[in-house]
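Novice: Return atomic coordinates for the entry below.
(4 chains)
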Protein chains: 2
Amino acid sequence: MNEPTAPGRVGDVRRRNLSLVLDSIAKTVDAKPSRAQLAAGTGLTKAAVSSLVADLVESGLVSEVGLYRDGERGRPGQGLELNSRRGVVGMEINVDYLAVGLVDLAGNLRFHSAVESRNRGMPPAKVMEQLAGLAAEAKAAAVAEGIAILGGGLAVPGLVDEKSNVVLSAPNLHWESEQLNPTSLLEGAPLGVKLSNEANSAALGELWYGGGKPDFLYVSGEVGVGGGVIIGSELYIGPGGSAGELGHIVVHPEGPECSCGGFGCLETFAGQEAIFEAAGIAGGTLGERTGMLLAALRTQEPKATQAVSDAGRYLGVALASAARLMDIEAVVLGGHFAVLGGWLKPSLLASLERYAPGLLAPENLTISRLEHSGTLLGAAGQVIRSVIESPFEFLLASKLA
Amino acid sequence: MNEPTAPGRVGDVRRRNLSLVLDSIAKTVDAKPSRAQLAAGTGLTKAAVSSLVADLVESGLVSEVGLYRDGERGRPGQGLELNSRRGVVGMEINVDYLAVGLVDLAGNLRFHSAVESRNRGMPPAKVMEQLAGLAAEAKAAAVAEGIAILGGGLAVPGLVDEKSNVVLSAPNLHWESEQLNPTSLLEGAPLGVKLSNEANSAALGELWYGGGKPDFLYVSGEVGVGGGVIIGSELYIGPGGSAGELGHIVVHPEGPECSCGGFGCLETFAGQEAIFEAAGIAGGTLGERTGMLLAALRTQEPKATQAVSDAGRYLGVALASAARLMDIEAVVLGGHFAVLGGWLKPSLLASLERYAPGLLAPENLTISRLEHSGTLLGAAGQVIRSVIESPFEFLLASKLA
DNA sequence: CCAATTAGTTTTCAATCTGAACTATATGGG
DNA sequence: CCCATATAGTTCAGATTGAAAACTAATTGG
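Specialist: Here you go, the predicted structure:
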């Protein structure tokens, strides 16, 4: 009724095992496993692994990196790793800036570039044009480093339809039902460009390239308060694709009206604008206002400390509810909340302890260290991940070419 | 890192296809598909379906039910259906009653029995003893109807460890870390007895045997306020197995202290006890108090209508948060909330519209019609479902026997 | 320099699906 | 009554794939 549940064919076994072997290689970062180690790790026979690895090497996804002697005696193994001469471009459109990065299959950020850009209210075509300039830089970097670009990921701060490349709504950009053509940013990349949501991408970036526990809630404090839910090392997006809207959890039933039309949403207490306003900070670019807020916090200006403490308290209420509802055991703070982390944490932890005592251990509340590259890494990572999960399709395509 | 991700073997294809065919037969209730129709429906060839069905019939899971002529000409097909001479016993321990039911593979409730029983504070052994009497009734009914019992499911109002048959905690029963031996209730049943959570089972019962949309939140108003989250036709239990704790969402940060140690939880506003207290109803059994409340509502006694209206309002706050966070599009009210449904719905809908305007269409807020058999059906259904999802294991077992 | 040890390949075999040919059983028109 | 047509279901050769075991390759230490 839901998935059409395709029949199992004999060939599916190979699809699955190709992915299993590739994933094992990907997981074993720094270790460069041999075929024999992969056989032991996966439960497959050496014969099967040899055959599978041959296909993966031929397609260019995996490369052999010299010999590897581990034990005392015996023939040394051939080290295997994800080919670092294949890469994916991660891109991000946000309210105040644009950014690109080049990530190789092994997960190294090989190039990074960002520009400030006031995108709120700007027509999508204009923004895409500017982004194309950054993408060209990434392409040039790839050529310089000898990296073949397989595809790209583009994160935007809004709800997207990944299949049709439509931004369904991005209120903070004032976009609604905007058809983008992200694939044109990377002409010729075999896997094209995948559109995704900013908070979700950041959560995935944190999972794959940051402090990646298998289950956690990522809290994204950009202009809005967003979230990304990771369960069992997978992104939970919900039936309609818009799960994780932490910013519109009701934290006070008598609270003020929110831009979403509801009342008492977390965003009205802990959104960037709300914090700036409560701290009495106005005017200037986002960067300037953030600087002013941090300066005020450093001098312990009462209005500023109170504003951040209040935000932490209400964030604690929201997280208590979220943790109880979804059985979440760890939280990672990103974006604005990462910047304010140190000032936010005390009131946040106190609030969590008040509203959900014993549920979330303080050491499970962490601050993202990926800073602004998390979203990029996540956007690119989704494409890398799709190859790791279905290498068979990639093999087919590369055989045709 | 999380699942050990077993390697794909050639034989896995058959496992999957056995399940695919069995599931197709199960989904096609009333239609009794032929092998040819299954082939068309699944995408497998007739040859493969014939071979798979042969195994399923031999194991007793599927039975052939006479000829079936559909078109104008041609040889008629052999109708196939889940064997209604195989059944599973669903059992429920709750605070105020015990219940059992016999469910055949096709999902028909063939026998049902319940007794009132004050189980709060009762030692588990005593409760299990009484339940054994009910289980014996179900076994006798199975013999009378010629049904072979494959296994059973036992739902309890608390957090359970399904692997070790331990009730980790059931605060409303005053149980903590209680080792049960549910399998002894159905001596000789090849699949044993599976322990599960009451709210989750009720949600699954609603999914499989009620108004089963693929995505919804089931709200269980028993003594506590629980919930079960169904996403993509599967139960979401979270990393620790305790997701869906709707009762401890914070609906008012200045609310009273809750039994969980937190403050302002939904349960303190909309739990059974809270409603009775606010309505000024005390004394007597649960059934008597419920009767008094319904009577007071019918005569529009102000305290009672106000109590229920308040409960609905706060339930709306919790559902608004839950719907935003998990992207939930439909809600089913069960238990106490189903009983109060008509009186609760107006304030609940108004509150939802205030706190999350436009998110949940009124027609997607429904009241369960399964009444007290929902939990039973879900508990038994989990065992039936496990057979449908891995018939290969069942085939193996039945070949050995 | 050879025994021991470990890595990786080749070969044979069994499981399982597909596809095509074949058998089985019904309807309806001449 | 009988045969063309149509549909259901079975049988059998062919292809894919991993398991198991035998084999080849490469390295170390005595």
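
Novice: so where does the residue in the stretch 301-401 of chain A positioned nearest to DNA strand D fall, helix or strand?
Specialist: Closest approach between the stretch 301-401 of chain A and DNA strand D, counting by CB to the nearest atom of the strand: residue A:392, at 8.1 Å. Quick note: C-beta positions are derived from backbone N, CA and C, even for glycine. Using DSSP states H and E, residue A:392 maps to helix A:391-400.

Novice: does any bit of that helix sit next to chain B?
Specialist: No - residues of helix A:391-400 contacting chain B under CB under 8 Å from any CB of the partner chain: none, with a closest distance of 11.7 Å.

Novice: tell me what that helix is packed against?
Specialist: For helix A:391-400, the elements it packs on are helix A:10-27, helix A:46-59, judged by 3 or more CB pairs under 8 Å, 6 or more residues apart in numbering or on different chains; DSSP states H and E.

Novice: ok, now with 10 Å
Specialist: Helix A:391-400 makes packing contacts with helix A:10-27, helix A:46-59, helix A:373-389 when contacts are defined by 3 or more CB pairs under 10 Å, 6 or more residues apart in numbering or on different chains; DSSP states H and E.

Novice: Now tabulate those in a markdown table and tack on mean neighbour count.
Specialist: Shown next, in a markdown table, are those (neighbours: other CB atoms under 10 Å in any protein chain shown):
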| stretch | mean neighbour count |
| --- | --- |
| helix A:10-27 | 19 |
| helix A:46-59 | 18 |
| helix A:373-389 | 26 |
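
Novice: Give me the residues contacting stretch A:279-293.
Specialist: With CB atoms under 10 Å, 6 or more residues apart in numbering or on different chains as the test, stretch A:279-293 has contacts from A:94-97, A:116, A:118, A:222-223, A:272-273, A:275-276, A:295-297, A:301-308, A:310-311, A:336, A:339-340, A:343.

Novice: Just the buried ones out of the residues you listed, please.
Specialist: Buried by 16 or more other CB atoms under 10 Å in any protein chain shown: A:94-95, A:97, A:222-223, A:272, A:275-276, A:296-297, A:301, A:304-305, A:307-308, A:310-311, A:336, A:339-340, A:343, out of the contacts of stretch A:279-293.

Novice: thinking again about what came up before, please name the nearest non-neighbouring residue to the residue of the stretch 301-401 of chain A closest to DNA strand D.
Specialist: Among residues not flanking residue A:392 along the chain, residue A:15 sits closest, at 4.2 Å (CB to CB, 6 or more residues apart in numbering or on different chains).

Novice: give me every residue that touches the one you found.
Specialist: Going by CB under 10 Å, 6+ apart, residue A:15 touches A:9, A:389-393, A:395, B:8.

Novice: Looking at chain A, which residue is nearest DNA strand C?
Specialist: Per CB to the nearest atom of the strand, residue A:74 is where chain A lies closest to DNA strand C, at 2.0 Å.

Novice: how much space is there between that residue and residue A:68?
Specialist: Distance of residue A:74 to residue A:68, given as CB to CB, to the nearest Å: 12 Å.

Novice: Between those two, tell me which one has more neighbours.
Specialist: Comparing residue A:74 with residue A:68 by neighbour count (other CB atoms under 10 Å in any protein chain shown), the higher total belongs to residue A:68, at 16 against 9.

Novice: Next, the contact list for that one, please.
Specialist: Per CB under 10 Å, 6+ apart, neighbours of residue A:68: A:31-34, A:37, A:76-80.

Novice: Of the residues you listed, which is the most crowded?
Specialist: Ranked by the number of neighbours (other CB under 10 Å), those place residue A:80 first, at 27 neighbours.

Novice: Which strand or helix spans that one?
Specialist: Taking DSSP H and E as the definition, residue A:80 sits inside strand A:77-82.

Novice: which other helices and strands contact that strand?
Specialist: Against strand A:77-82 (3+ CB pairs under 10 Å, 6+ apart) you get helix A:10-27, helix A:35-42, helix A:46-59, strand A:62-68, helix A:373-389.

Novice: Quick check, pLDDT for residue A:110.
Specialist: Note on residue A:110: pLDDT of 98.
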